[in-house]
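Participant: Let me see the structure of the following:
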Amino acid sequence: MFDFDGTLADSWPWLLAALDGLAPRFGFTRPDQAELEALRACDAPTVMRRLGVSRWRLPAIGTELRRLAREAPPPPLFPGVAGMLDRLADAGIALGIASSNSAAQIRRTLGTARSARIAHLAAEASLFGKAARFRRILRESGIAAPQALAVGDELRDIAAAREAGIAAGAVAWGYANPDRLRAEAPDAFFERPEEIARLCGV
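Facilitator: Purely as a prediction, here's the structure:
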């Protein structure tokens, strides 16, 4: 199971621009480059506190981000991700995506043919609702939690995987600081997308 933004798709530049535009409307701080780098080593509650994001505003912010995403070009896949997904699918490995992004945006990025290879899609998760999406995919697939791997790019992805009883994989190319992710001792850490396929024996 994969996270989408920051794990499969390089949506960071778009997200920064979108948040910069939403900051005045929702009353949170626009971080400068130095602060952004520092925030990459923080968990989600700390990021929210430093930026002044009220938890009760999160649903409205998420809704607005999804609206803006519908009007923007789909974010590109990271180099190597398309080949990695194809290798896994060709080997008969069941693939799922659990994301706070919309199903439509995910399919736009993947394209019709590759979207068809994703057996399970649990979209529009809340900021802290990823574990529920993981459990949903497990129920739909009939795969036991010990047989699954959840791959993400943030500390909350690791926490959600553990909450759902799933092995946690983390990637070096996403939103969070790679050293901070390693310090969380995920079950697997990937420097490049092809390493995910290699771990699965394909």
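Participant: Could you check how many residues crowd around the closest residue in space to A172 that isn't next to it in sequence?
Facilitator: Spatial nearest neighbour of A172, excluding adjacent residues (C-beta to C-beta, 6 or more residues apart in numbering): P178 at 4.3 Å. For glycine as for every other residue, the C-beta is placed from the backbone atoms N, C-alpha and C. By other C-beta atoms under 10 Å, 17 other residues sit near P178.
Participant: With P146 instead?
Facilitator: Look at P146: counted by other C-beta under 10 Å, it has 8 neighbours.
Participant: Over to A44?
Facilitator: A44: 15 neighbours (other C-beta under 10 Å).
Participant: ok, and the closest non-adjacent residue to it?
Facilitator: R156 (4.9 Å).
Participant: Just to check, the one you found is in contact with G129?
Facilitator: No. The pair R156 / G129 is not scored as a contact, 9.9 Å apart, by C-beta atoms under 8 Å.
Participant: quick one, which of the two is more surrounded?
Facilitator: Shown here are R156 and G129; by other C-beta under 10 Å, R156 has more neighbours (20 against 15).
Participant: can you give me the end-to-end distance of stretch 19-33?
Facilitator: Start-to-end span of stretch 19-33 (C-alpha to C-alpha, to the nearest Å) is 14 Å.
Participant: list the buried ones in that stretch?
Facilitator: L19, L22, A23, F26, F28, P31 (16 or more other C-beta atoms under 10 Å).
Participant: Contacts only, for the second one.
Facilitator: Same thing as L22. With contact set as C-beta atoms under 8 Å, 6 or more residues apart in numbering, L22 has these partners: F28, I61, E64, L65.
Participant: I'd like the distance between the residue most central in space within the chain and R25.
Facilitator: For the chain, the residue nearest the mean C-alpha position is D3 (3.1 Å; C-alpha atoms, centre = their mean). Look at D3 and R25: by C-beta to C-beta, to the nearest Å, they are 26 Å apart.
Participant: nearest residue to A168 other than its sequence neighbours?
Facilitator: A161 (3.8 Å).
Participant: My guess is that neighbour contacts R133. True?
Facilitator: No. Between A161 and R133 there is no contact under C-beta under 8 Å: 10.9 Å.
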